[in-house]
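K.L.:
Starting from these lines, generate the structure:
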Amino acid sequence: MLFDGLKFRKASYKIRPVDLLGEGTSIGMRFRVRFILFLSFLLVACSRAPSNLPLKTVPPPRFSNFETDANVKSLALDGDDLWLGMANGVIRYNTKTIDQHEIFTAGSTGGFLSNGIYKIAVDAQGNKWIGTYGGGLSRFDGHQWTVFTPYGSGKISYGQDWSVYPSGSGLGDLWVYDIFFDSDGTLWLATWKGVSHFDGRSFRTYTQQDGLLDKWVYSIAKDRNGVFWFGTEGGVSRFDGRHWTGYTHRDGLGAEVNESPPKEGATGYAEGRHHRSEGKENRLANPNFVLHIAIDQADNKWIGTWGAGLSRFNGKTWVTYTAGKGTISGNFIHALEIDAKGILWAGTENGVSKFDGRTWKTYTTADGLIDNNVFSIAFDAEGNKWFGTWLGLSKMTE
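P.N.:
You can find the predicted model right below:
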């Protein structure tokens, strides 16, 4: 679907918003594109240097911003297509074009049960797997949708194509926050009732009874030794296939917190329904609440927390980075990714920060980022960085 009405204005241009669904009612997914070019340069020279020495210029990155009017929780690349998981549906955007895209919603596709999308992942066959808020897991092969729930799987028509799972063999929960493709072709899924392992036929869900620290699971990572690391609301659980080990703030995870409230847009995980459960309290910051895990080339575990900064664990010792001058930009770590050069990128409530192992650099709206609440990160084959935020999508070209 293409926008019409292209209008040029000075050094930028944008697409006038239209109703993408063609139904006369906007669902807040206007896809407006605005390219922002920063033409200033940082001049580095010594005032006493000889006048014949050339000035060294370091150009800042260029940002291209795409307004979605919805929180972009997840990003996944499949060739030239970037898939956006948002609070009100899915967008497939062709990154080689200005605005060519396709909209997917529960109503328009019949392919998922909830428009709240928390995770999109693409497997080796090109299938799109979509974790939703309250609607289970969906798979899209490019032609057909299949839905997986705790009770059964198939088409939402619930006809002959729908299979009912025997008790205990379905997806752990309808809330799916992370998806991990294992090397053996199976899937691991972070849910609000444990970690579900899917072999293509049925699910096996691991809970606190098995050794998981907390049943509310948000992130999954696997280290070079084949050990799984699960981020939960009660700490980090390590699982080697047989034995479980838990790490919490007492072991070194996260910083001490003073209960400072997050900024607007950073509260996507503090849902009242969830925390009305027995034993749960809606805290403003929690060092044991793990939102994201990334593992670098040296096998260090980078663990992002809810308001208690970013922790690094090398298997023996813990180091935690908190917001401040010359360090990470925020303490609410929503997204962690490591690029092809081994640089760590962290999405926070105060912009996106990168760390090369020695120094930190942060990018915010002052640099061209569309919004400072960064929830998702992706890198394309050309080295461009894509950031999903509270207000839309930013592309950064260095």
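
K.L.:
Please write out the alpha-carbon positions of stretch 242-249 in CSV.
P.N.:
Only the C-alpha atoms of stretch 242-249 are listed here, as CSV (Å, rounded to 0.1, in the frame of the first residue of the first chain):
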residue,chain,number,x,y,z
ARG,A,242,19.3,-30.6,33.6
HIS,A,243,20.1,-28.2,36.4
TRP,A,244,18.8,-24.8,37.3
THR,A,245,20.7,-21.9,38.9
GLY,A,246,19.2,-18.6,39.9
TYR,A,247,20.8,-15.2,40.2
THR,A,248,19.2,-12.2,42.0
HIS,A,249,20.1,-8.8,43.3
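
K.L.:
buried residues in that stretch?
P.N.:
244, 246-249 (16 or more other Cβ atoms under 10 Å). No exception for glycine: its C-beta is placed from N, CA and C like everyone else's.

K.L.:
and what of stretch 321-340?
P.N.:
By 16+ other Cβ under 10 Å, the buried positions in stretch 321-340 come out as 321-323, 328-338.

K.L.:
Quick check: helices, which of the buried residues of stretch 242-249 are part of them?
P.N.:
Within the buried residues of stretch 242-249, no residue falls in helices by DSSP state H.

K.L.:
Check those and tell me the two furthest apart.
P.N.:
Greatest spatial distance among these (Cβ to Cβ): 244 and 249, at 18.1 Å.

K.L.:
quick revisit: I'd like the buried residues of stretch 242-249 as CSV, with distance to residue 60 appended.
P.N.:
Compiled in CSV, these are given as follows (distance: Cβ to Cβ, whole Å):
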residue, distance to residue 60
244, 46
246, 43
247, 39
248, 40
249, 38
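
K.L.:
Nearest to residue 306 among those residues?
P.N.:
Among these, residue 249 lies closest to residue 306 (Cβ to Cβ), at 11.7 Å.

K.L.:
any idea of the pLDDT on the residue nearest to that closest one when sequence neighbours are not counted?
P.N.:
Leaving aside its sequence neighbours, residue 249 sits nearest to residue 287 (Cβ to Cβ, 6 or more residues apart in numbering; 4.1 Å). The score at residue 287 is 96. That number is its pLDDT.

K.L.:
partner strands of the helix or strand containing residue 287, parallel or antiparallel?
P.N.:
Applying DSSP states H and E as the criterion places residue 287 in strand 286-295. Under the criterion DSSP bridges, strand 286-295 sits next to strand 301-306 (antiparallel) in its sheet.

K.L.:
which outside residues touch the partner strand?
P.N.:
Here strand 301-306 makes contact (Cβ atoms under 8 Å, 6 or more residues apart in numbering) with 221, 223, 229, 231, 236, 253-255, 269, 283, 285-296, 310-315, 331-336, 338, 344, 346.

K.L.:
hang on, the earlier thing: turn the buried residues of stretch 321-340 into JSON lines, columns for secondary structure, distance to residue 116 and pLDDT.
P.N.:
Formatted as JSON lines, the buried residues of stretch 321-340 follow (DSSP: H, G, I helix; E, B strand; the rest coil; distance: Cβ to Cβ, whole Å; pLDDT from 0 to 100):
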{"residue": "321", "secondary structure": "strand", "distance to residue 116": "30", "pLDDT": "98"}
{"residue": "322", "secondary structure": "coil", "distance to residue 116": "30", "pLDDT": "98"}
{"residue": "323", "secondary structure": "coil", "distance to residue 116": "28", "pLDDT": "97"}
{"residue": "328", "secondary structure": "coil", "distance to residue 116": "28", "pLDDT": "98"}
{"residue": "329", "secondary structure": "coil", "distance to residue 116": "26", "pLDDT": "97"}
{"residue": "330", "secondary structure": "coil", "distance to residue 116": "23", "pLDDT": "97"}
{"residue": "331", "secondary structure": "coil", "distance to residue 116": "25", "pLDDT": "97"}
{"residue": "332", "secondary structure": "strand", "distance to residue 116": "19", "pLDDT": "97"}
{"residue": "333", "secondary structure": "coil", "distance to residue 116": "21", "pLDDT": "98"}
{"residue": "334", "secondary structure": "coil", "distance to residue 116": "16", "pLDDT": "98"}
{"residue": "335", "secondary structure": "strand", "distance to residue 116": "17", "pLDDT": "98"}
{"residue": "336", "secondary structure": "strand", "distance to residue 116": "22", "pLDDT": "98"}
{"residue": "337", "secondary structure": "strand", "distance to residue 116": "22", "pLDDT": "98"}
{"residue": "338", "secondary structure": "strand", "distance to residue 116": "27", "pLDDT": "98"}
